[in-house]
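Chemist: Would you be able to build a 3D model of this:
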Amino acid sequence: MINVTKKEKLIKKQISWDLSFTGLLIFLLFRIPLTNIIGNEGNGYYFVSFEIFTLFYLIFGFCFHQITYELFRRNLKKYSVNTKNTLFTLILVIGILASFMGACGLFIASNRILSFLHTELAIISLRLLCLWLIISTVSGIFRGYFEGNGSRIPTSFSKIIEAIVAGTGALIFASSLDKYGTKVGDLLFNSQYQPAFGATGIVCGFLCGGLFSFVFLFLIYHFFKQYQKQNNHDTFAKEVTKRKMLMDIFKMYFLCLIGVLCMYSYRVVNLFLYISSLTTQVKEEATEINILSLIGSYHGKVLILIGIAILIILSLCGKNIPKIKKYYSKSAFSNCWKYVFDDIKQICYISIPTCILYVVLSENLLNLIYGKANLTEVNYLKIESICIIFIPLAIYLYRLIQKLNLSITLFILPMIAFIGQSIVMYVLVSNTTTRILSIVISEVIFWFLLFIFELLIIMKEFKQISSN
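Modeler: All right, here's what the predicted structure looks like:
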């Protein structure tokens, strides 16, 4: 066993803020006044369009950030400057082509998908998100490039800039388009135009934020390249053929895709099951259920409040991962587990009291922030509050597994959690008594399963579970 130094003990006690989550936290704070502008139905249209976009983005754009980061990190000292420039150009070209294909596919399929979900008025939002798919993919490549070269600062600041511009733009556009939607709705005798146009305003804010972020990253990239030229001393770095680089890119793409699809697409499955089951219930029983308002209140109120708490916890906790990785490379598994246990304790010390506060004060919290709360929203928030414990723990362990390069578990564990929560979701939506709350319960199940399986893998890896 390797002894933990005094210096490390002192560092462990310090609380520092992780900038990587700050941008998303800022945008979530902007979503509170946005919800008060566009209402639950507006959030419903936004939720539908964003989750459909997410599926296409995962397939056609999301992975390029990780590809760029991994290939540059692994080969930073091996490749020559010319080879690295060629590698970046290839990733950028492939990323633009793939995201363009995804954007075209989303644009063509959007009308049919929204017709199936009976949310046709979300068409403008969804088609505007096609542009954001391309912008996000290209920005992700630049961010991966900086991170692969050893600096996360451009990524963090670009996300903060994007969040501030996107949030401000969304407030302006949502207010304007919400009023315009009211006029259009009055002319066409359809009140749904107001929330649909309000949701479009949020997407317009996204586009503004994405463009500003891209310009920032592009400028930093050019400064960074100039710095590299002046400080290049890699006379023995090797040259690599384009064929080898292309093989590496496509191999990384498929490996990344398998891992992220189950991790981030479970809400799309839940959305389809939830809307289709409630639509059938409305037709069969002739009941008045405002499906858009239900999913809008869940996405626009509950997930926002839970997300803010989770991001604050993640920003304050889990700082021992670099030390765990160091001791893991030395096979000092007792020290590894000690630091993991310390991080888990720190997360639990914050998340468990926060969860209890959310459960107890759920109605007061919703009334204070949004002005009103119905019984369904209160129940949503009470159940979803359990995620304040499990999501930070699961994300922390997921990041740790990534750092330890236990790649196979990153494919298998989210898949098991995905299958488990999908079965639970199907059972719950099939029962009328649990149907309304099914989308929230399944979310909790997904993160609970993911955390448990990740914890078992980590314990086994650090010899906390006997191999016998």
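Chemist: CA only for contacts and neighbour counts going forward, please
Modeler: Noted.
Chemist: quick one: low-confidence parts of this structure?
Modeler: Along the chain, segments meeting pLDDT under 70 span 1-18, 228-238, 465-468.
Chemist: where does the most centrally placed residue in the chain sit relative to Ala417, distance-wise?
Modeler: Using C-alpha atoms, centre = their mean, the residue of the chain that lies closest to the mean C-alpha position is Tyr264, 7.1 Å off. The gap separating Tyr264 from Ala417 is 11 Å, by C-alpha to C-alpha, to the nearest Å.
Chemist: now do Ser115
Modeler: 29 Å.
Chemist: Have a look at the two and say which one is more surrounded.
Modeler: Using other C-alpha atoms under 10 Å, the more surrounded residue of Ser115 and Ala417 is Ala417, with 23 against 13.
Chemist: what's the offset of the helix or strand Leu255 falls within from the middle of its chain?
Modeler: Taking DSSP states H and E as the criterion, Leu255 maps to helix 242-264. Remark: helix 242-264 is offset 19 Å from the chain centroid, using C-alpha atoms, centre = their mean, to the nearest Å.
Chemist: do the same with stretch 363-379
Modeler: 25 Å.
Chemist: again, but for stretch 75-83
Modeler: Taking mean C-alpha positions (C-alpha atoms, centre = their mean), stretch 75-83 and its chain are 31 Å apart.
Chemist: Which positions within that stretch qualify as buried?
Modeler: Leu76, Lys78, Tyr79, Ser80, Val81, Thr83 (16 or more other C-alpha atoms under 10 Å).
Chemist: Doesn't Gly181 lie inside a strand?
Modeler: No. Counting by DSSP: H, G, I helix; E, B strand; the rest coil, Gly181 falls outside a strand, being helix.
Chemist: That one and Leu188 touch, don't they?
Modeler: No. Counting by C-alpha atoms under 8 Å, Gly181 does not reach Leu188; the two are 10.3 Å apart.
Chemist: who has more neighbours, these two?
Modeler: Neighbour count, other C-alpha under 10 Å: between Gly181 and Leu188, Gly181 has more, with 22 against 10.
Chemist: quick one, what contacts the more buried one?
Modeler: Gly181 is in contact with Tyr193, Gln194, Pro195, Ala196, Phe197, Gly198, counting by C-alpha atoms under 8 Å, 6 or more residues apart in numbering.
Chemist: Please apply the same query to Lys179.
Modeler: Gln194 are the contacts of Lys179 under C-alpha under 8 Å, 6+ apart.
Chemist: Give the buried residues for stretch 105-121.
Modeler: Leu106, Phe107, Ser110, Asn111, Ile113, Leu114, Leu117, Thr119, Glu120, Leu121.
Chemist: how about the nearest residue to Ala174, chain neighbours excluded?
Modeler: Gly201 (3.9 Å; C-alpha to C-alpha, 6 or more residues apart in numbering).
Chemist: next one: Val268
Modeler: Residue nearest to Val268 in three dimensions, not counting chain neighbours: Glu51, with 5.7 Å by C-alpha to C-alpha, 6+ apart.
Chemist: hmm, back to that, from the contacts of Gly181, which land in helices?
Modeler: Tyr193, Gln194, Pro195, Ala196, Phe197, Gly198 (DSSP state H).
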